[in-house]
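Novice: Quick one, what's the 3D model for this:
(2 chains)
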Number of protein chains: 2
Amino acid sequence: MKKQRKSSGIVIIGNEILSGKTLETNSNYMCNQLFNIGVECEEIKIIKDNKLKIIETVRRFSKKFSYVFTSGGIGPTHDDITTAAITEAFNQKLCLNEEAKKRLEKHYSDDVLTKARLKMAYLPEKCRLIDNPVSIAPGFVIKNVYVLPGVPKIFQIMANEIIKSLDEGKRYYKKTVSTKLSEGIIGGYIEKIQKKFHSLEIGSYPYFKKNSFGVSLVIKGEEEKIVAEATNEIFSFIESKKGSPKIF
Amino acid sequence: MKKQRKSSGIVIIGNEILSGKTLETNSNYMCNQLFNIGVECEEIKIIKDNKLKIIETVRRFSKKFSYVFTSGGIGPTHDDITTAAITEAFNQKLCLNEEAKKRLEKHYSDDVLTKARLKMAYLPEKCRLIDNPVSIAPGFVIKNVYVLPGVPKIFQIMANEIIKSLDEGKRYYKKTVSTKLSEGIIGGYIEKIQKKFHSLEIGSYPYFKKNSFGVSLVIKGEEEKIVAEATNEIFSFIESKKGSPKIF
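Specialist: Next up is the predicted model:
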């Protein structure tokens, strides 16, 4: 069977990100994993810990994309409202999940399985658990929405497991040619090359490092042979202009 | 005059972010600057270099927030489509901006003011320029939308200038208490404190570092005195539990 293109969206939930306190890195981690299995991330939205906003965003994303991933707000404190909001988004009820409770009981002795911790076992009636080998309290899947915690270490472990379970989409092949020539110099040529290889997506990304600057040209497409052909052509052009090309 | 709460939204434009190639940091930089002048960032959206998507998002954000900031897609190459899209979003036409052209001519000699570079002087008919001391090609303001490039170094310099020109909103006071106790242990107490100080926003953020973990409690509010009062109460509680509190 021919593989279909799969789409996805990421919803990052947390006031700490919007106030600038926290540099958000979970979406970047997820985008990389998704790219590797041919699932395109089409949109990332970062919103506050606001129930109505979470409900509205998750409902819209769930309809729009093959897969949705959320990060943040499923911990034990009063400001963790993601689980309740997503439960409501799918017109379900929060229930004590026996399996989640069992896991927490096994991990914590009686006196430290506080009410706050037990809150993390209250999940939507119908959902699948996502294992959490670090701090035990599970994430969950409801319909096509994967609900993960915001702590990067746990987010990443869960993401790795989820990625293995997804239907792979049609993969892209990607090559990068870097050069010390600037965009203003090669821009005209790159536009022509993009027109010639219209099935490819050619992106031009300037970079500024400490004592140098340059451009990374990313050549992306579904057919490895065509990507290689365009890459070689760009490489030769830049070499002819003494632009020190490198291929990655 | 009493200061009003001001809102803002950030639109990050670029395929390279959604494919995971680039870790996006401009929104974090902007959120920090905005927080410092009392302008709340309510939402960040990361979208592809897609004309219709840019038009739709910018129009919606412009209506919804006091200020909108965009990052990415205003360079000289074929995949830089943000300027054209935002011009269309406000039903304007792209014109050669004489001032922008003059600046580019001054910076580049004739033979390197390529067609690609001159593209960056084509801006909406009616807009204000944002100076770019690094690579000269300006950003621009149209209505309440500030259009900036994606290169972090240039984005940050422009952001710093813009911030000075904005109407300040009502500032928040913020204190952080960190502790080695985990969320599950202090969650119940923090919920009570949140209820007692209902005018404040108390956030609880677990962190995992190399060999330690703990929680940062962020206490935020409009009145410095109340923030201080709640901070002291939380500090004393954590001290009584031997939780090694620290105030930032």
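
Novice: most centrally placed residue in chain A?
Specialist: Taking C-alpha atoms, centre = their mean, the centroid of chain A lies closest to A:M30, which sits 3.0 Å from it.

Novice: That one and A:V11 touch, don't they?
Specialist: No: the pair A:M30 / A:V11 is not scored as a contact, 10.9 Å apart, by C-beta atoms under 8 Å. C-beta coordinates here come from the backbone N, C-alpha and C atoms, glycine included.

Novice: Overlap of the contact sets of those two?
Specialist: Here A:M30 and A:V11 have A:69, A:71 as joint contacts, going by C-beta atoms under 8 Å, 6 or more residues apart in numbering or on different chains.

Novice: How is chain A divided into domains?
Specialist: Listed domain ranges for chain A are A:6-165, A:173-247 (source: automatic domain parsing).

Novice: Please identify the deepest-packed of those domains.
Specialist: Neighbour counts (mean count of other C-beta atoms under 10 Å in any protein chain shown) averaged over each of these peak at domain A:6-165, with a mean of 19.

Novice: Show the end-to-end separation of it, please.
Specialist: 14 Å (C-alpha to C-alpha, to the nearest Å).

Novice: Quick one: mean pLDDT for that domain?
Specialist: Mean pLDDT, domain A:6-165: 96.

Novice: Also stretch A:223-238?
Specialist: pLDDT averaged over stretch A:223-238 gives 96.

Novice: Going by residue numbers, what spans are helices in chain A?
Specialist: With DSSP state H as the criterion, chain A has helices at A:15-18, A:26-36, A:51-64, A:82-89, A:98-107, A:115-118, A:152-165, A:183-196, A:224-240.

Novice: between the third one and helix A:82-89, how many degrees?
Specialist: Read that as helix A:51-64. 60 degrees (axes from the mean of the first three to the mean of the last three C-alpha atoms, to 10 degrees).

Novice: Who are the packing partners of helix A:51-64?
Specialist: Contacts defined by 3 or more C-beta pairs under 8 Å, 6 or more residues apart in numbering or on different chains; DSSP states H and E place helix A:51-64 against strand A:6-13, strand A:39-47, strand A:67-71, helix A:82-89, strand A:145-148.

Novice: ditto for the fourth one
Specialist: Contacting helix A:82-89 under the criterion 3+ C-beta pairs under 8 Å, 6+ apart are the following elements: helix A:51-64, strand A:94-96, strand A:122-124, strand A:139-142, strand A:145-148.

Novice: Tell me which of the ones you listed sits nearest to B:N232.
Specialist: For those, proximity to B:N232 was assessed by C-beta to C-beta; helix A:51-64 is nearest, at 30.3 Å.

Novice: so what's A:K64 closest to, chain neighbours aside?
Specialist: Of all residues not flanking A:K64 in the chain, A:G9 sits nearest, at 6.5 Å (C-beta to C-beta, 6 or more residues apart in numbering or on different chains).

Novice: For A:C41, which of the helices and strands packed on helix A:82-89 is the nearest?
Specialist: Between those, helix A:51-64 lies closest to A:C41; by C-beta to C-beta that is 11.2 Å.

Novice: Distance from the chain centre to the closest one, please.
Specialist: 17 Å (C-alpha atoms, centre = their mean, to the nearest Å).

Novice: can you list contacts of that helix?
Specialist: A:7, A:9, A:11, A:13, A:42-43, A:45, A:47, A:68, A:70, A:73, A:81-82, A:84-86, A:88-89, A:143-145.

Novice: hmm, try it at 6 Å
Specialist: Outside helix A:51-64, the residues within contact range by C-beta atoms under 6 Å, 6 or more residues apart in numbering or on different chains are A:9, A:11, A:45, A:47, A:68, A:81, A:85-86, A:88-89, A:143-145.

Novice: what do you get for stretch A:15-23?
Specialist: A:24, A:46, A:48-49, B:28, B:31-32, B:35, B:41, B:203, B:205.

Novice: cool, and stretch A:224-244?
Specialist: A:173, A:175, A:177, A:179-181, A:189, A:197, A:200, A:219, A:221, A:245.

Novice: Convert the C-alpha atoms of that stretch to CSV, please.
Specialist: This file holds the C-alpha atoms of stretch A:224-244, laid out as CSV (Å, rounded to 0.1, in the frame of the first residue of the first chain):
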residue,chain,number,x,y,z
GLU,A,224,15.9,10.6,-3.2
LYS,A,225,17.2,10.7,-6.8
ILE,A,226,15.8,14.1,-7.5
VAL,A,227,16.9,15.5,-4.2
ALA,A,228,20.5,14.2,-5.0
GLU,A,229,20.3,15.7,-8.5
ALA,A,230,19.3,19.2,-7.2
THR,A,231,21.9,19.0,-4.4
ASN,A,232,24.7,18.3,-6.8
GLU,A,233,23.6,21.1,-9.1
ILE,A,234,23.5,23.6,-6.2
PHE,A,235,26.9,22.3,-5.0
SER,A,236,28.5,22.8,-8.4
PHE,A,237,27.1,26.3,-8.7
ILE,A,238,28.4,27.4,-5.3
GLU,A,239,31.8,25.8,-6.0
SER,A,240,32.0,27.8,-9.3
LYS,A,241,31.4,31.0,-7.3
LYS,A,242,34.1,30.0,-4.8
GLY,A,243,31.4,29.8,-2.0
SER,A,244,33.0,26.9,-0.1
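
Novice: leaving aside the residues next to it on the chain, what's closest to A:Q156?
Specialist: A:Y29 is the one closest to A:Q156 (C-beta to C-beta, 6+ apart), at 5.6 Å.

Novice: So which residues on chain A come close to chain B?
Specialist: For chain A, the residues in contact with chain B (C-beta under 6 Å from any C-beta of the partner chain) are A:15-16, A:18-20, A:23, A:28, A:31-32, A:35, A:41, A:43-47, A:75-79, A:114-117, A:151, A:153, A:183-184, A:187-188, A:190-191, A:194, A:203-206, A:208.

Novice: residues touching A:D49, list them.
Specialist: Contacts of A:D49 (C-beta under 6 Å, 6+ apart): A:15, A:73, A:79, A:81.

Novice: at 7 Å what do you get?
Specialist: Taking C-beta atoms under 7 Å, 6 or more residues apart in numbering or on different chains, we find A:D49 in contact with A:13-15, A:73, A:79, A:81.

Novice: how close does it get to A:I142?
Specialist: 19 Å (C-beta to C-beta, to the nearest Å).

Novice: what does A:K63 give?
Specialist: Distance, A:K63 to A:I142, using C-beta to C-beta: 14 Å.

Novice: Could you pull up the residues touching A:K175?
Specialist: Residues in contact with A:K175 (C-beta under 7 Å, 6+ apart) are A:219, A:227, A:231, A:247.

Novice: Which pLDDT does the model give A:K2?
Specialist: So, for A:K2, pLDDT stands at 62.

Novice: and A:H78, what is it in contact with?
Specialist: A:H78 neighbours (C-beta under 7 Å, 6+ apart): B:190-191, B:194.

Novice: picking that back up, shouldn't the residue nearest to A:Q156 be in contact with A:A159?
Specialist: Yes: between A:Y29 and A:A159 a contact is recorded at 6.2 Å, counting by C-beta atoms under 7 Å.

Novice: Give the residues shared as contacts by those two.
Specialist: Common neighbours of A:Y29 and A:A159 are not found (criterion: C-beta under 7 Å, 6+ apart).
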